[in-house]
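Asks: Sequence and predicted model, in that order:
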Amino acid sequence: MNAHEFEQQLKADGFQEIERQNLDPRPGKGRHRHHFEIRGLVISGTFVVKQTGEPVAYRSGQVFSVAEGELHDEWIEADGAHVLIGRKFSETSA
């Protein structure tokens, strides 16, 4: 899936905030939660998400998602990452 198709799918699925991010390598933020659902497409680089179990490394062309309120950690590998992300806020968190 290319970035344009992914952005159109985010809009169709009700994601309210959509943006591209260029992320420098960094360690995890620590386990945390968001008050929104997040879905992202890795355009380049490596974006790692650890929800339950082992961390999953997402690379170019792969989609990651984290449900609203789900405890997780995320970090950026040495090659950095360019991602297109969407945030979807529930009616209770808006």
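Replies: That came through, no problem. Numbering: from 1, shown residues only.
Asks: Please report how far His4 lies from Leu10.
Replies: With the distance defined as C-beta to C-beta, to the nearest Å, His4 ends up 11 Å from Leu10. For glycine as for every other residue, the C-beta is placed from the backbone atoms N, C-alpha and C.
Asks: Kindly report the same for Arg59.
Replies: Counting by C-beta to C-beta, the gap from Arg59 to Leu10 is 19 Å.
Asks: Tell me which residue is most central in the chain.
Replies: Nearest to the geometric centre of the chain sits Gly40, at 3.8 Å (C-alpha atoms, centre = their mean).
Asks: what are the phi and psi values for Leu10?
Replies: Backbone torsions for Leu10, taken as degrees, to the nearest 10, come to phi -60, psi -50.
Asks: ok, now how distant is it from Asp79?
Replies: As defined by C-beta to C-beta, Leu10 lies at a distance of 24 Å from Asp79.
Asks: Specify which residue of the two has the higher count of neighbours.
Replies: Neighbour totals were compared for Leu10 and Asp79, and Leu10 leads with 21 against 10 (other C-beta atoms under 10 Å).
Asks: Report pLDDT for the more buried one.
Replies: Among the per-residue scores, Leu10 shows a pLDDT of 98.
Asks: what does Lys29 give?
Replies: Looking at Lys29, its pLDDT stands at 88.
Asks: doesn't Trp75 make contact with it?
Replies: Yes - judged on C-beta atoms under 8 Å, Lys29 makes contact with Trp75 at a distance of 7.5 Å.
Asks: Neighbour count for those two, which is higher?
Replies: More neighbours surround Trp75 than the other of Lys29 and Trp75, with 18 against 10 (other C-beta under 10 Å).
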